[in-house]
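K.L.:
How does the following fold in three dimensions:
(one chain, ligands or ions: 1)
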Amino acid sequence: MLGEYRIEGRRAAEISASVERGVRTGDLAPGQHLPPVRELAAELGVNANTVAAAYRSLRERGVIETAGRRGSRVRERPSERTPRESIRVGVPPGATDVSSGNPDPGLLPPLREALAVAAGNASRRDMFYGGPAVGERLARTARALLDEDGVPDGPVALTSGALDAIGSVLTEHLHAGDAVAVEDPGWGSLLDLVPALGFRMVPVAVDDEGPLPQEVGRALREGARALVVTGRAQNPTGAAVTAARARKLRDVLAGNPGTLLIEDDHGHGIVEAPLHPLVGTTERWALVRSTAKAYGPDLRLAVLTGDAVTLDRVRGRQLLGPGWVSRLLQDAVLHLWETEAVDVHAVARSYGERRDALVEALEARGVRAHGRTGMNVWVPVPDETGAVARLLQSGWAVAPGARFRVASPPGVRLTVSQLTVDTVEELASAVAAALRPDDARRYD
Ligand SMILES: Cc1ncc(COP(=O)(O)O)c(C=O)c1O
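P.N.:
Residues are numbered from 1 along each chain as shown. Down below sits the predicted model:
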């Protein structure tokens, strides 16, 4: 099956490294099937669980993929998509795409003026190497906005988006093989990033009020060294950490002060629900605020704050890479903040009306859904593949829950950005029909 290539190793990490070596050298070609778990285990004289763990980690990192009953095979490369991004449905002409997770373009501020102001500042701005990584006025404004939300004091850095920040913070503190507790269901890109960096994921269940404290406690007892939490507009469930939940989570974290705590506040600017920060309860922490949802993902800018050691390390590493986030972009974002280009109240209301209408319309049809904040609604379904296929047939492209899940039950994610309050009813009827396959097949 593998030609001349011999997979070696006694431990899961050695076995996965051996497969990766084969893929890198080309001895294991894209599409090539790997031996079944039991067969390889017998050949290496190890427990089947050890090989299963190696395959799982390779799958999570996108090196191999499952080929149904035929086992696992080497993934095609190069790939333009991360492993979870490739779990998607093509959107046929005429179908409505509610799968993307993108903001409503109609709610993003026009960038022309902000970019023109930034360009006009060029002569006064530091244009060269050696300048400050973060403009003084931007740092002051970012800090004031963090203060307003009760985020503990700390230096401010900028990164090229939230994922960039989270990846840097994790790599500056953890070592390969360390465990990271992640929300489940949770943000697909994070679930791709953690294993790609060589860390192990420990899933933590969430409800509408955020991560469950007992689950966080369990994950930390199981050895998770870091925890990543979404404060508001949790992707995909819309959960927002309430004051009561924050108190309980802080208690758990206070008992584990060595945990690296990362809080993702991408809901800033689009959510009115107050932030109840958890950060500050542990010695090492970071809070990141992407501008992606309020101003558009293409700005690629996120504000990062945290404890002094964490921020020092991230900034030090940044100097040996991108150096800084373009000061042109910094000036544009500063202008958007200073002119209050986004009316948070109006944006939150617009997403909220559509979300609430969708959740209510689903509930009226006997379908339970989640969506307290942000732009997504999460619908638990018994059969994810069937639901996605049936919805596609009725003209709706939804995001398969597999993109967001580790161990949690199936579901689909619906993004409301492209919906109007009227189309919400149509979508709710289609979802309800897709969950009752017998009805869905009736043509009368
Ligand atoms: C939970 C979460 N955090 C942050 C972001 C934004 O990430 P980035 O700034 O890297 O584009 C997203 C985008 O979808 C998200 O879903």
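K.L.:
and whichever residue of the stretch 101-250 of the chain sits closest to the ligand, what are its phi and psi?
P.N.:
Residue nearest to the ligand within the stretch 101-250 of the chain: residue 161 (2.9 Å; Cβ to the nearest ligand atom). C-beta here means a position set from N, CA and C on the backbone, and glycine is covered the same way. Dihedral angles of residue 161 (phi, psi; degrees, to the nearest 10) stand at phi 100, psi 170.
K.L.:
Need the per-residue pLDDT for it.
P.N.:
As predicted, residue 161 sits at a pLDDT of 98.
K.L.:
What pLDDT is listed against residue 248?
P.N.:
98.
K.L.:
again with residue 437
P.N.:
Taking residue 437 on its own, its pLDDT is 63.
K.L.:
just to revisit the earlier point, wait, the residue of the stretch 101-250 of the chain closest to the ligand sits on residue 290?
P.N.:
Yes: in this structure, residue 161 is within contact of residue 290 by Cβ atoms under 8 Å, at 5.5 Å.
K.L.:
Quickly list what's touching both of those two.
P.N.:
Applying Cβ atoms under 8 Å, 6 or more residues apart in numbering, one finds that residue 161 and residue 290 are jointly contacted by 301-302.
K.L.:
Name all residues that make contact with the residue of the stretch 101-250 of the chain closest to the ligand.
P.N.:
Residue 161 touches 290, 292, 297, 300-302, counting by Cβ under 8 Å, 6+ apart.
K.L.:
Out of the residues you listed, which are close to the ligand?
P.N.:
Restricting the contacts of residue 161 to those adjacent to the ligand (criterion: Cβ under 6 Å from any ligand atom) gives 290, 292, 297, 302.
K.L.:
any idea which of these is closest to residue 22?
P.N.:
Using Cβ to Cβ, residue 297 is the member of those that lies nearest residue 22, at 36.0 Å.
K.L.:
do you know how far residue 52 is from the ligand?
P.N.:
29 Å (Cβ to the nearest ligand atom, to the nearest Å).
K.L.:
Please compute how far the helix or strand harbouring that residue lies from its chain's middle.
P.N.:
Residue 52 belongs to helix 48-60 when assigned by DSSP states H and E. Relative to the centre of its chain, helix 48-60 is centred 23 Å away, using Cα atoms, centre = their mean, to the nearest Å.
K.L.:
likewise stretch 7-27?
P.N.:
Taking mean C-alpha positions (Cα atoms, centre = their mean), stretch 7-27 and its chain are 28 Å apart.
K.L.:
same deal with stretch 266-273?
P.N.:
The chain centre lies 16 Å from the centre of stretch 266-273; the measure is Cα atoms, centre = their mean.
K.L.:
just stretch 213-229 next, same as before
P.N.:
Using Cα atoms, centre = their mean, the offset of stretch 213-229 from its chain centre is 18 Å.
K.L.:
where do the strands sit along the stretch 1-150 of the chain?
P.N.:
64-66, 72-74, 96-97 (DSSP state E, counting those that start in this stretch).
K.L.:
which one of the ones you listed lies closest to the ligand?
P.N.:
That would be strand 96-97 among the strands of the stretch 1-150 of the chain, by Cβ to the nearest ligand atom, at 15.3 Å.
K.L.:
Secondary structure class of residue 261, three-state.
P.N.:
strand (DSSP: H, G, I helix; E, B strand; the rest coil).
K.L.:
residues touching it, list them.
P.N.:
Counting by Cβ under 8 Å, 6+ apart, residue 261 has contacts 226-227, 229, 253, 278-279, 281-282, 284-286.
K.L.:
Please list the residues of the stretch 151-300 of the chain that sit near the ligand.
P.N.:
161-163, 187, 230, 235, 264, 266, 290, 292, 297.
K.L.:
what about 5 Å?
P.N.:
When proximity is defined as Cβ under 5 Å from any ligand atom, the stretch 151-300 of the chain approaches the ligand at 161-163, 187, 230, 235, 264, 266, 290, 292.
K.L.:
between the residues you listed, which is closest to residue 75?
P.N.:
Closest to residue 75 out of these is residue 163 (20.8 Å), distances taken as Cβ to Cβ.
K.L.:
Quick check: chain neighbours aside, which residue is closest to the closest one?
P.N.:
residue 189 (5.4 Å; Cβ to Cβ, 6 or more residues apart in numbering).
K.L.:
Residue 17 now?
P.N.:
Closest residue to residue 17 apart from its sequence neighbours, by Cβ to Cβ, 6+ apart: residue 9 at 6.9 Å.
K.L.:
Isn't that neighbour up against residue 54?
P.N.:
Yes: Residue 9 is within contact range of residue 54, at 7.5 Å (criterion: Cβ under 8 Å).
K.L.:
you'd agree residue 341 is in a helix?
P.N.:
No: assigned with three-state DSSP, residue 341 falls outside any helix and is coil.
K.L.:
If I look at residue 442, what pLDDT would I see?
P.N.:
Per-residue confidence for residue 442 comes out at a pLDDT of 52.
K.L.:
Can you pull out the low-pLDDT segments for this protein?
P.N.:
1-3, 77-80, 437-444 (pLDDT under 70).
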